[in-house]
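**Student:** Here is my input; please provide its structure:
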Amino acid sequence: MKEIDSLRRLIIGGGDHWMLRDFSEASKKNILTMIGEVESENICDFTDWVGDRWYDFEEWTGRLDIKNYVTNVNAYHRKVIDKNNTTKESIERIFEDVAAVNNSYSSLFSRFKADRKSVV
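**Tutor:** Numbering: from 1, shown residues only. Predicted structure coming up:
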């Protein structure tokens with residue numbers, strides 16, 4: 001299980017910007033909570049649309065880019081969740097897909113480790 005936990009966290013970055021991609025249960029719970037908060041802040045479809053267009057503009061100008069939010073990734077997540085009208089179901093699906101990939105790599109690494117031990 002230790003291999004699976006380490007695979008749930010992937011390091012991404014480049015240049016001066018490094019961050020951890022966290023697919024842990026705690027991270028999923030945090031994102032699902034954010035979705036609920038963003039949904040409850042929605043006054044009406046029109047104001048949601050106006051806000052989404054603002055985030056489109058921020059994205060177009062390069063301001064809505066993960067590298068600008070390395071120290072405050074939750075602010076980035078909130079904006080992207082709002083802009084894309086992200087649902088809890090889509091986040092559940094993403095985390096399930098990541099878990100499936102993690103499990104397949106964990107099996108591969110476990111076999112590799114066992115093969116390596118049998119050679120030594």
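
**Student:** contacts and neighbour counts: CA atoms only from here.
**Tutor:** Fine.

**Student:** what about the helices in the chain?
**Tutor:** For the chain, the helices defined by DSSP state H cover 2-7, 25-41, 45-61, 73-84, 88-119.

**Student:** can you list the residues that contact the third one?
**Tutor:** Right, the one you point to is helix 45-61. With Cα atoms under 8 Å, 6 or more residues apart in numbering as the test, helix 45-61 has contacts from Asn42, Leu64, Asp65, Lys79, Val80, Asp82, Lys83, Asn84.

**Student:** Give me the angle between that helix and helix 73-84.
**Tutor:** 120 degrees (axes from the mean of the first three to the mean of the last three Cα atoms, to 10 degrees).

**Student:** tell me the two of the contacts of helix 45-61 that are most distant?
**Tutor:** Asn42 and Asp65 (22.9 Å; Cα to Cα).

**Student:** coming back round to it: save the helices of the chain as CSV, and put in mean neighbour count and mean pLDDT too.
**Tutor:** Formatted as CSV, these follow (neighbours: other Cα atoms under 10 Å; pLDDT from 0 to 100):
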stretch, mean neighbour count, mean pLDDT
helix 2-7, 14, 46
helix 25-41, 14, 95
helix 45-61, 14, 95
helix 73-84, 17, 95
helix 88-119, 13, 86
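
**Student:** List phi and psi for Leu64.
**Tutor:** With angles defined as degrees, to the nearest 10, Leu64 sits at phi -90, psi 80.

**Student:** try Cys44
**Tutor:** phi -160, psi 170.

**Student:** measure it to Val50 for me?
**Tutor:** Cys44 sits at a distance of 10 Å from Val50 (criterion: Cα to Cα, to the nearest Å).

**Student:** Equivalent analysis for Asp115, please.
**Tutor:** In terms of Cα to Cα, Asp115 sits 57 Å off from Val50.

**Student:** just Arg63 next, same as before
**Tutor:** Distance from Arg63 to Val50, counting by Cα to Cα: 17 Å.

**Student:** Then Leu20?
**Tutor:** 31 Å.

**Student:** do the same with Thr71
**Tutor:** For Thr71, the distance to Val50 - Cα to Cα - is 27 Å.

**Student:** All good on my end, thank you.
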